[in-house]
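Peer 1: sequence below, structure please.
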Amino acid sequence: MPLAAPVLERDAVLPGATARRRWADAFKTVRAETERRAAPLSPEDQGVQSMPDASPTKWHRAHTTWFFEQFLLKAHATDYREFDERFGFLFNSYYVAAGPRHARPERGTITRPDAGEVADYRAHVDAAVLDLIERADDSALAAIVPIVEIGLHHEQQHQELLYTDILHAFAQNPTNPAYDPRWRPPAAQSGRDYAALPAGIRRIGHGEAGFCFDNEQPAHDVLLREGKIARHLVTNGEWLEFIAAGGYARHELWLSDGWAKVQDDGWCAPGYWREVGGAWHSLTLAGLKPVDPAAPVCHVSYYEADAFARWAGKHLPSEAEWEVAARAGLLYDAFGAVWQWTRSAYLPYPAYCAAEGALGEYNGKFMVNQMVLRGSSLATPAGHARPSYRNFFHPPARWQFSGLRLVDYS
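Peer 2: Numbering: from 1, shown residues only. Model prediction:
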């Protein structure tokens, strides 16, 4: 399953004509990847919303289009003709400064526009964006490139959500549908060896050239204590040991909120695991498959990750420990398998300031009651991962491709 090419970084010094061509190519590549991911899905698949935290595929396709229309075309293309004035209300997500919006839990009720109209919307906006890039002089190009760039990275985030959200929807279907029967998970290393953490004062955050989201800055110093970090991700085989040891039935392993979640929702295994004929299976993008003991455990919440670490006599790493270890090349499968829970709350870095205006709502206002995950997953598009990237979700969330690795301070 090929992924989109890396997004062009604006820091490259390019002549105007070359820069316009490269940005146009990057735009077309990322936009095409969204359509490639949506292509196996029927119109009925694309309209389903299986829970408030998920969105229909059709909505993802339209929202990412609205982003370019709202923040790029309306602001910089003086002759742009809006595709449909109603779409701003339907496909705005959480940008209060951009105006009112349809309630998030009700996105699945939007049967009109249909998937075909969304395709027309995308084509209309794509043509206008490419025309804007082509006609921009050097000064205008310098003004629009930062918006194009963040729009492409924003769309890549929704490409990942397209996979996670449709898999959650398929998990509600008793026939266990497959998104793509040919899909195969990426190979990952297994083992139980640890590497010494680089203790002392270390620097984390995005301080190099290239794109980053504002929550990755400013780069700053942290103090790491001595310890060891697991080179490998926790595997399904290790998780089976946790289940066999009664991990989901031992209250002393769980945070209070996590134990309440276990009791309320009847958790006894990771998300999408089902017992079939006395053996564990998991719903994947290829349908229901036997659980591979050597593969990284996936679809576990922060609560589960924390309980597993306590059961194992270890800890989850802080996001600083994870980043320093990743930059030092100490981690197997840091990227491309599963996002990895850390024990760090999603909070602003020292001296962080959100940008002004609607785009300043992108990250900063969510810095409460969530936990940080690091790395990337099998659903993350190529070119979208980096050591400083901070993903974040609420502790009960497990519809993401989320797993864990451990640290040992003994």
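Peer 1: report the mean per-residue pLDDT for the host helix or strand of L162.
Peer 2: Using DSSP states H and E, L162 falls within helix 138-171. Averaging pLDDT along helix 138-171 gives 97.
Peer 1: buried stuff in that helix?
Peer 2: 141, 144-145, 147-171 (16 or more other CB atoms under 10 Å). From N, CA and C alone the C-beta is placed, and that goes for glycine too.
Peer 1: ditto for stretch 326-342
Peer 2: Those buried within stretch 326-342 under the rule 16+ other CB under 10 Å are 326-327, 330-342.
Peer 1: distance between the ends of that stretch?
Peer 2: 13 Å (CA to CA, to the nearest Å).
Peer 1: what is the mean pLDDT for that stretch?
Peer 2: 98.
Peer 1: distance from the chain centre to it, please.
Peer 2: Taking CA atoms, centre = their mean, to the nearest Å, one finds stretch 326-342 lying 14 Å from the centre of the chain it belongs to.
Peer 1: ok, stretch 81-89 next?
Peer 2: 27 Å.
Peer 1: and it, C-alpha only, in PDB?
Peer 2: What follows is stretch 81-89, C-alpha atoms only, in PDB (Å, rounded to 0.1, in the frame of the first residue of the first chain):
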ATOM      1  CA  ARG A  81     -15.700  31.700  -6.600                       C
ATOM      2  CA  GLU A  82     -16.900  29.800  -3.600                       C
ATOM      3  CA  PHE A  83     -18.100  26.300  -4.500                       C
ATOM      4  CA  ASP A  84     -21.100  26.300  -2.100                       C
ATOM      5  CA  GLU A  85     -21.600  28.900   0.600                       C
ATOM      6  CA  ARG A  86     -23.200  26.200   2.800                       C
ATOM      7  CA  PHE A  87     -20.100  24.100   3.000                       C
ATOM      8  CA  GLY A  88     -18.300  26.300   5.500                       C
ATOM      9  CA  PHE A  89     -20.900  25.500   8.100                       C
END
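Peer 1: circling back to that earlier point, just checking, what packs against the helix holding L162?
Peer 2: When contacts are defined as 3 or more CB pairs under 8 Å, 6 or more residues apart in numbering; DSSP states H and E, helix 138-171 packs onto helix 16-38, helix 57-68, helix 74-76, helix 115-135, strand 279-284.
Peer 1: counting contacts, what elements does the next helix-or-strand element following the third one pack onto?
Peer 2: Put plainly, it is helix 74-76. Sequence-wise, the next helix or strand downstream of helix 74-76 (DSSP H and E) is helix 87-91. Counting contacts by 3+ CB pairs under 8 Å, 6+ apart, helix 87-91 is packed against helix 57-68.
Peer 1: mean confidence for the helix it packs on?
Peer 2: 98.
Peer 1: what's it in contact with?
Peer 2: Helix 57-68 has contacts (CB atoms under 8 Å, 6 or more residues apart in numbering) with 34-35, 38, 41, 43, 45-47, 49, 55, 87-88, 90-93, 107, 110, 113-115, 118-119, 121-122, 125, 129, 148, 151, 154-155, 158-159, 161-162, 165-166.
Peer 1: could you flag which of those residues are buried?
Peer 2: 34, 38, 41, 45-47, 49, 55, 87-88, 90-93, 107, 110, 113, 115, 118-119, 121-122, 125, 129, 148, 151, 154-155, 158-159, 161-162, 165-166.
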